[in-house]
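*Asks:* sharing a sequence plus its predicted fold:
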Amino acid sequence: MSAGKTGSPSSQAMNGGNETENESAGTDVSNLDGIGSTSRAGGSELTKGEIFDLLKNRRRRTVIRFLRENDGYAELNDLAEYIAAKENDIDVRQLSSDQRKRVYIGLYQCHLPKMDSLGVIDYDKDRGTIELQASVSQLLGYMDLDRDGPEETAESARAWAVPAVAAGVVGVVTIGTLGLGPLSAIPAATWTVVSVVGILTIVGLQQGS
């Protein structure tokens, strides 16, 4: 983190006239009630609705992870660069000014003020600094900190399901066709149906991933 950085958007022309660009960039601009109001204390109790509203957005989850990995402190420029690089799957040095700007605007105008108003972070707009607050502990139980969120968890589950279904179908069909145990009484035609159903299930899981 370089000490000379500042998060003020005045010199970067990051004003409120880019709402359309924010939405096209995937910025969550819903539920902005309360942004700009007095922030809660860092240890304030959050309702479940507030917790899930905060965590439903990937960028806000990434903000929390980044802060936890950097001793609870970050500068806005560094945070925006990190998230932009992550979302574009490139190195920070490869980022274009537009890629940086889109993420910066979303954080500056929407996500950080929202998190600050609920006491999860202390966000100083003038200095461009973000500090994690004690209230974040209420969110951690709902987060899979090793992943990017529910989307990745579902993908992982599907990835495991495909080989599991395949192994199950192969095992059952092999035992039945060899005439082992009680499965030997099942007609061969039934095993053909089981095989087809298993294949269709595997195809369906792969298409859904």
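*Replies:* Sure thing, it's come through.

*Asks:* what's the nearest residue to residue 136 once chain neighbours are set aside sitting at in phi/psi?
*Replies:* Spatially, and ignoring its direct neighbours in sequence, residue 136 is nearest to residue 120 (5.3 Å; CB to CB, 6 or more residues apart in numbering). C-betas here are computed from N, CA, C, even on glycine. Main-chain dihedrals, residue 120, degrees, to the nearest 10: phi -80, psi -30.

*Asks:* could you number the chain from 7 rather than 1 from now on?
*Replies:* Fine by me, first position is 7 from now on; the one you just mentioned is residue 126.

*Asks:* using CSV, write out every CA atom in stretch 57-74.
*Replies:* What follows is stretch 57-74, C-alpha atoms only, in CSV (Å, rounded to 0.1, in the frame of the first residue of the first chain):
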residue,chain,number,x,y,z
ILE,A,57,-26.6,-9.1,6.6
PHE,A,58,-27.9,-10.9,3.5
ASP,A,59,-28.4,-7.6,1.7
LEU,A,60,-24.7,-6.8,2.3
LEU,A,61,-23.5,-10.2,1.3
LYS,A,62,-25.6,-10.8,-1.8
ASN,A,63,-23.2,-8.6,-3.8
ARG,A,64,-19.8,-10.1,-4.8
ARG,A,65,-17.9,-6.9,-4.6
ARG,A,66,-18.9,-6.3,-1.0
ARG,A,67,-17.9,-9.8,-0.1
THR,A,68,-14.5,-9.2,-1.8
VAL,A,69,-14.1,-5.9,0.1
ILE,A,70,-14.4,-7.9,3.4
ARG,A,71,-12.0,-10.5,2.3
PHE,A,72,-9.4,-8.0,1.1
LEU,A,73,-9.6,-6.1,4.4
ARG,A,74,-9.2,-9.2,6.4
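
*Asks:* any buried residues in that stretch, and which?
*Replies:* Within stretch 57-74, the residues that qualify as buried are 57, 59-61, 63-73, counting by 16 or more other CB atoms under 10 Å.
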